[in-house]
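1. based on what follows, work out the 3D shape:
(one chain, ligands or ions: 2)
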Amino acid sequence: MEASLKNLLDRGEVIEIRGDGKAGSGLLMVMQTFAKALGRIGGMEIQEWPLFSSSRKGANVRGFLRIANHPIQSAAAVVHPHLAILMDESVASNVDFASGVENGIFVLNTTRSAQEAADKYGLTGTVVAVDGKKISEKFFDHKLANIPVYGALVRMSGCLTDDEGESILLETMKKRRLPEKIQKANSAAYRMSLASMDVALTKSTGVRHLAENFEKYPPLPKGAQSRLRTSLGNKTSQYRPVGLRLKFEDPYNKCNGCSLCVLHCPENIIAWIPDPKGLKVTGANVADFCKLCRECIEVCPVELFSSVKDEAA
Ligand code: SF4
Ligand code: SF4
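-> Residues are numbered from 1 along each chain as shown. Ligands and ions are numbered 1, 2, ... in the order given. Predicted coordinates:
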């Protein structure tokens with residue numbers, strides 16, 4: 001790609017980003033946090049939405065993001081991304097995460113160097129490798145690469161400075177009232193990610209990543225985006241699968257305070273109390289807002305959340 005994403009944006013183009021990962025890999029949180037960060041800049045239109053293959057643990061998930069400085073007319077899936085993310089390399093065995101990318105930017109969570117990753121997957125453009133496992137193990141009790149990949153997105157987009165990216169990340173955590181200890185660990189992981197990113201510029205590898213065939217949806221009707229954004233008053237528990245509900249149980253005091261469930265829950269309904277290790281989860285407001293999206297079930301490293309039969313249904 002000759003121009004940076006920021007330059008393309010300034011020229012009035014719609015920037016398209018696509019990510020591939022597994023359920024609970026942190027991909028969707030990366031996309032959401034980055035979308036929020038861009039939203040802070042002001043004057044931008046942003047579309048961000050996930051696509052789940054199923055709700056099974058380890059199932060593939062895909063995230064889409066569009067950014068422009070004018071109203072976005074398309075509501076279709078992203079098939080020619082300017083930037084493609086591979087959050088979990090095991091996905092690459094059955095999904096072409098690079099499909100439709102022409103001389104673009106690739107952000108990979110991998111233990112390989114950027115050049116090794118480019119050679120393995122046949123990538124032409126700018127390849128960025130971050131070792132999310134190594135960084136997360138240093139600062140947290142988990143191996144999710146959400147912070148390292150978020151850092152790479154901030155840096156490679158050129159739309160935000162490193163400091164802006166960090167302050168918005170911290171703002172998200174403060175909004176969820178996460179303890180200072182956890183905020184500091186995330187901040188340190190973010191800084192280390194930026195410092196350890198490996199970047200390679202690759203010439204044509206001759207490998208063709210054909211775009212998926214997708215017939216576009218028509219443009220969005222007027223006002224559709226604002227209607228989506230103003231739907232916060234909805235009792236989202238109405239959308240959960242009939243006959244099921246979320247259960248949280250921690251009889252052996254296994255919650256390690258990693259805060260992943262608090263950060264991932266799209267409804268911000270996980271309840272916790274302060275604890276010497278940072279926090280301790282006590283439950284969730286499932287009655288009104290839990291749509292049983294399963295994010296907390298997938299991310300909890302000690303499996304304290306589950307989906308159970310709803311006796312009241
Ligand atoms: S299943 Fe319910 S509590 Fe868990 S992340 Fe989804 S909305 Fe939040
Ligand atoms: S409930 Fe699970 S995901 Fe949430 S803080 Fe505790 S250990 Fe982490």
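2. is the nearest residue to Phe34 once chain neighbours are set aside in a helix, a strand, or coil?
-> With sequence-adjacent residues excluded and distances taken as CB to CB, 6 or more residues apart in numbering, Phe34 is closest to Leu153, at 5.0 Å. Every C-beta, even on glycine, is put in place using the N, C-alpha and C of the backbone. With DSSP: H, G, I helix; E, B strand; the rest coil as the basis, Leu153 sits in helix.
3. hang on, Leu153 packs against Ile85?
-> Yes - with contact defined as CB atoms under 8 Å, Leu153 reaches Ile85; the gap is 7.4 Å.
4. any residues in contact with both of the two?
-> Taking CB atoms under 8 Å, 6 or more residues apart in numbering as the criterion, Leu153 and Ile85 both touch Ile17, Val30, Val107.
5. and these, which is closest to Trp272?
-> Val30 (22.3 Å; CB to CB).
6. the closest one sits in which helix or strand?
-> Per DSSP states H and E, Val30 falls inside helix 27-41.
7. how about Gly63?
-> strand 60-68.
8. cool, and Lys6?
-> helix 5-10.
9. what's the next helix or strand after that helix packed up against?
-> As assigned by DSSP H and E, the chain's next helix or strand after helix 5-10 is strand 15-22. When contacts are defined as 3 or more CB pairs under 8 Å, 6 or more residues apart in numbering; DSSP states H and E, strand 15-22 packs onto helix 5-10, helix 27-41, strand 60-68, strand 83-86.
10. how about the last one: buried residues?
-> Which is strand 83-86. Counting neighbours by 16 or more other CB atoms under 10 Å, one finds that the buried residues in strand 83-86 are Leu83, Ala84, Ile85, Leu86.
11. distance of the second one relative to ligand 2?
-> Distance, Ala84 to ligand 2, by CB to the nearest ligand atom, to the nearest Å: 28 Å.
12. touching, that residue and Ala98? I think so.
-> Yes - contact criterion CB under 8 Å: Ala84 and Ala98 qualify, at 5.6 Å.
13. now the common contact residues for these two.
-> In contact with both Ala84 and Ala98: Phe106, using CB under 8 Å, 6+ apart.
14. now the helix holding Lys6 - C-alpha only, CSV.
-> Taking C-alpha atoms only, helix 5-10 is exported to CSV below (Å, rounded to 0.1, in the frame of the first residue of the first chain):
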residue,chain,number,x,y,z
LEU,A,5,-4.4,4.5,6.2
LYS,A,6,-4.5,8.1,7.6
ASN,A,7,-3.7,9.5,4.1
LEU,A,8,-6.4,7.4,2.5
LEU,A,9,-8.8,8.6,5.1
ASP,A,10,-7.9,12.2,4.5
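15. in that helix, what counts as buried?
-> In helix 5-10, the ones that count as buried by 16+ other CB under 10 Å are Leu5, Leu8, Leu9.
16. turn those residues into CSV, columns for pLDDT and distance to ligand 1.
-> What follows is the buried residues of helix 5-10, written out as CSV (pLDDT from 0 to 100; distance: CB to the nearest ligand atom, whole Å):
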residue, pLDDT, distance to ligand 1
Leu5, 89, 30
Leu8, 91, 34
Leu9, 90, 32
